[in-house]
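Enquirer: whatever this is, show me its structure:
(2 chains)
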Protein chains: 2
Amino acid sequence: MLDAELDSLAGRLGDGVLVTGEETMERYSHDDAEWAPYGRPVAVVRARSTDDVAQTVRWCAEHRVPLVPRGAGTGLSGGANAVEGCVVLSLERMTEVLEVNTAERYAVVQPGVVNDDLRARVATDGLWYPPDPASSPWSTIGGNVATNAGGICCVKYGVTGDYVLALEVVTAQGEVVRVGRRTAKGVVGYDLCALLVGSEGTLGVVTEITVRLRHLRAPERTVAGYFDSLTDAGRAVAALSEAGVIPSALELVDRYCLEAVDAWKHMGLSVDANAVLLGRTDAAGEAGDLEARLMADCFEKGGASFVGISSDEQEAEALFAARRLAYPAVERLGPVLTEDVCVPTAHVPEMLGRIERAAAAHDVHIANIAHAGDGNLHPLIIAKPGDDDAQERAKAAFAEIIEDAIALGGTVTGEHGVGILKRAGAAKELDPGAIAWQRAIKQALDPHGILNPGKAIP
Amino acid sequence: MLDAELDSLAGRLGDGVLVTGEETMERYSHDDAEWAPYGRPVAVVRARSTDDVAQTVRWCAEHRVPLVPRGAGTGLSGGANAVEGCVVLSLERMTEVLEVNTAERYAVVQPGVVNDDLRARVATDGLWYPPDPASSPWSTIGGNVATNAGGICCVKYGVTGDYVLALEVVTAQGEVVRVGRRTAKGVVGYDLCALLVGSEGTLGVVTEITVRLRHLRAPERTVAGYFDSLTDAGRAVAALSEAGVIPSALELVDRYCLEAVDAWKHMGLSVDANAVLLGRTDAAGEAGDLEARLMADCFEKGGASFVGISSDEQEAEALFAARRLAYPAVERLGPVLTEDVCVPTAHVPEMLGRIERAAAAHDVHIANIAHAGDGNLHPLIIAKPGDDDAQERAKAAFAEIIEDAIALGGTVTGEHGVGILKRAGAAKELDPGAIAWQRAIKQALDPHGILNPGKAIP
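Expert: Numbering: from 1, shown residues only, chains lettered A, B, ... in the order given. Reported below is the predicted structural model:
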């Protein structure tokens, strides 16, 4: 019965939009989150237009079939994982940049535009789209909006949500609605844009995004610091925050990650340190010199064994490229459970220490990358492939790190989203009243619960 | 019957918290919006604590009595106006700054803290709270949050919502709920903080606010430009945006406003121009010199009759003080209907021209102040006291300006909020689907509609 109905939807969508082949369905049925459960969809719709999306949502609403929207599937919390019997709705074919307005500094894009592609496109007009998750070569603006993605530049420039001005969204009833504005300011009604950003496709499907842009900035200077231990590096981070320096990037990578990248990409990274901090400043002229100097001082205060200020872009770029490649490089070597805790910067050294203790207590290896400047840590819990016991120990370490982050006044997810993997942690972190509000809003906007059920809300 | 019940609430709140004296009730029954209707409250509660607020909301919920929360009452849209038979809940006595955290750069405050007081308090720690509505000597952080207030520095530094990290809120059921976080980043669940900011007390009563702070910045340089006409000044604004300069302030004041301030405060402002643009840059060192020079060039391009770059803080401060005092100075002379339209900066000259045409068409005087840099214009429609016909003409001009702003891709309210006065305009501006979402959210969180009914939502 449903099959016939699916055929009628397929007919309305046009050739090749609705797919039911096993291989395609498997490929579209999960994101990049390790060990997050996923079900089997009844179909995958690869929408080319807002109308395709509206048709699909209306069909799902009519047949009470769950709908799971997705971008590139680079998520790390299972937010895009299929639920049993759902339609997976991929937005990756909606890749048009519809407008770039240089005077008002905004761009209007379809959700499938890849993050790096947007950055490159607006750079030709002297403009800059700041949010830069490590997945930026693959992840889409739509996916970034769904998870309120962060990135490397966020320590100074904020996250995706800070750049979303307006959205076109298909509601759970299949209606196309516009929210937000294109003016610099505007307070007419509730901020529905902000409500949708980070809602992981549970309130509506975003089909067009108006993003705020900045002017391209001055070239950055890089300060690298090598440390014997993670906690030393953590102390340097806290010292920087205490000193009032706001770098344009402040990333941490440990030896394990650097070696994993080198083994994969043969970049010739020969870093003799257990932890490396990569700081950047984009302040122009003398102010930049001063900031770089202050950063170096703080690295030394943290106990760095070596500190170098570089204006050699190539060398600096190699280190940052290694930082960006760290996750896929480590993932190559086997299953990785990725944390995304965020703690007050003063607690970064303590949190890094606790992560090391969790690794020891549960007998797992934990590698570390971090957006250290905003306290957003990504311990990568590594299990040997096929070792079921190691998998259980990794999950136990995962749970312990989440408890530790909450105990230090932190959050279980700085930028990846709740998805499936962080629901239990979110339940511990959030005020029960805040969870009740989320459920009430979800119920009000999606009364039949068809939009990405079982995600985001604890 | 309700009287006896009110007595029991009064008893629970303690001495002097619940007031029913006629004079007090009149004073608390409206904000600063001209000709916005207001009703007669049954009582005014001047809360001293979150518990006072929770008791009051629970009482209102139980007796289905509408509740109108308010700060200092400096609003210009009628958002704090009493509805007939309501309890007015004033937060102005909750004035404690509970914490200033210099390392993480945030402050935790009660809602009654006055905006300027917070700025002065954190400045002693080298920190800065940017949002600076012209009402900053009187308006409260709670009121600023309720309206998502803007101000002079917003062109570069954003609005109140950009600085709200966390809130404690009393729900329509009288429960105390915490939303938001204290870390630099965090995406756990829907952004309820952003939903509450600008919701004008219709979803909950905010009883504690955690605001993000910045470091104090470099001293500003001021560039003043005198223009023969508003549209010339508007052209300078558009030129500046086109040139990619983001000033730390860009304010417009017309001759009428400057003269009104001078007549009141005798500041000896002798400006021979029909419109004055006041630009500022807080870029340090050479970058600041360059920005000031670019700004001056753009003013000249707009047709300025005089341009001066000043590092004389006293002279510049006098001009900015005049800008801040313009509204009360004009209001002193009689009833003023205040617009708050915001248009794309490229359309600022066209919008200023349309405002002049609306004044001519409806035979009213319209004075102008504006946060010109973000296209947020405050035409002040002036009617002679007691002239009923002038009042009607003023209202007609008000409606026409709103239509013009929408036609130019703008919004009816850049920073004052919808309140009562902008509901009709909001209905024209917003997508019907977005209005439906607002109603659904309101219904979900305040099913009996007791919180500030008749406000904010068209």
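Enquirer: quick one: least confident helix or strand in chain A?
Expert: Lowest by mean pLDDT, DSSP states H and E among the helices and strands of chain A is helix A:313-331, with a mean of 87.
Enquirer: do whichever helix or strand comes after it and chain B meet?
Expert: Sequence order places strand A:336-338 as the next helix or strand after helix A:313-331, per DSSP states H and E. No: on the criterion CB under 8 Å from any CB of the partner chain, strand A:336-338 is out of touch with chain B, staying 14.4 Å away. Where you see a C-beta, it was placed from the backbone N, CA and C, and this is true even at glycine.
Enquirer: what does whichever helix or strand comes after strand A:336-338 contact?
Expert: The C-terminal neighbour of strand A:336-338 among helices and strands, as given by DSSP H and E, is helix A:348-362. Around helix A:348-362, the neighbours that count as contacts under CB atoms under 8 Å, 6 or more residues apart in numbering or on different chains are A:230-231, A:233-235, A:237-238, A:341, A:343, A:365-366, A:368, A:370, A:372, A:375, A:377, A:379, A:381, A:393-394, A:396-397, A:400-401, A:404-405, A:408, A:410.
Enquirer: and chain B, which of these contact it?
Expert: A:A238, A:V343, A:G375, A:G410.
Enquirer: how's chain A carved up into domains?
Expert: Domain assignment for chain A by automatic domain parsing gives A:2-90, A:97-215, A:218-331, A:334-452.
Enquirer: put together JSON lines for these, with mean neighbour count on each row.
Expert: Shown next, in JSON lines, are the domains of chain A (neighbours: other CB atoms under 10 Å in any protein chain shown):
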{"stretch": "domain A:2-90", "mean neighbour count": "20"}
{"stretch": "domain A:97-215", "mean neighbour count": "23"}
{"stretch": "domain A:218-331", "mean neighbour count": "20"}
{"stretch": "domain A:334-452", "mean neighbour count": "21"}
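Enquirer: remind me which residues of the stretch 301-450 of chain A are low pLDDT?
Expert: Scanning the stretch 301-450 of chain A for pLDDT under 70 picks out the ranges A:311.
Enquirer: do the same with the stretch 1-150 of chain A
Expert: Residues of the stretch 1-150 of chain A that meet the cut-off, pLDDT under 70, sit at A:1.
Enquirer: hmm, back to that, rebuild the ones next to chain B among the contacts of helix A:348-362 as JSON lines, extending it with secondary structure.
Expert: Formatted as JSON lines, those follow (DSSP: H, G, I helix; E, B strand; the rest coil):
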{"residue": "A:A238", "secondary structure": "helix"}
{"residue": "A:V343", "secondary structure": "coil"}
{"residue": "A:G375", "secondary structure": "coil"}
{"residue": "A:G410", "secondary structure": "coil"}
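Enquirer: how much space between A:A61 and chain B?
Expert: Distance, A:A61 to chain B, using CB to the nearest CB, to the nearest Å: 15 Å.
Enquirer: from what I see, that residue and A:P447 are in contact.
Expert: No: applying CB atoms under 8 Å, one finds A:A61 not in contact with A:P447, separated by 9.9 Å.
Enquirer: report the set of residues contacting both of those two.
Expert: A:A172.
Enquirer: got the residues of the stretch 51-200 of chain A near chain B?
Expert: So the stretch 51-200 of chain A meets chain B at A:102-104, A:126, A:147-148, A:150, A:154-155, A:159, A:161-162, A:171, A:175-179, A:181-192, A:194-195, A:197-199 (CB under 8 Å from any CB).
Enquirer: in helices, which of the residues you listed fall?
Expert: A:T147, A:C154, A:V155, A:L192, A:A194, A:L195 (DSSP state H).
Enquirer: which non-adjacent residue is nearest the first one?
Expert: Nearest-residue entry for A:T147: A:G417, 3.9 Å, with adjacent residues in sequence omitted and distances by CB to CB, 6 or more residues apart in numbering or on different chains.
Enquirer: quick one, what contacts A:I141?
Expert: A:G71, A:V109, A:P111, A:G112, A:V113, A:V114, A:N115, A:L118, A:I209, A:V211.
Enquirer: from the residues you listed, which is closest to A:L269?
Expert: Nearest to A:L269 among the contacts of A:I141, counting by CB to CB, is A:N115 at 24.8 Å.
Enquirer: now do the same contact list for that closest one.
Expert: A:Y129, A:P131, A:D132, A:P133, A:S135, A:S136, A:P137, A:S139, A:T140, A:I141, A:N144.
Enquirer: mind giving me JSON lines with the residues you listed and columns for distance to A:V261 and secondary structure?
Expert: Shown next, in JSON lines, are these (distance: CB to CB, whole Å; DSSP: H, G, I helix; E, B strand; the rest coil):
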{"residue": "A:Y129", "distance to A:V261": "26", "secondary structure": "coil"}
{"residue": "A:P131", "distance to A:V261": "23", "secondary structure": "coil"}
{"residue": "A:D132", "distance to A:V261": "18", "secondary structure": "coil"}
{"residue": "A:P133", "distance to A:V261": "17", "secondary structure": "coil"}
{"residue": "A:S135", "distance to A:V261": "16", "secondary structure": "coil"}
{"residue": "A:S136", "distance to A:V261": "17", "secondary structure": "coil"}
{"residue": "A:P137", "distance to A:V261": "15", "secondary structure": "coil"}
{"residue": "A:S139", "distance to A:V261": "19", "secondary structure": "coil"}
{"residue": "A:T140", "distance to A:V261": "24", "secondary structure": "strand"}
{"residue": "A:I141", "distance to A:V261": "26", "secondary structure": "helix"}
{"residue": "A:N144", "distance to A:V261": "24", "secondary structure": "helix"}
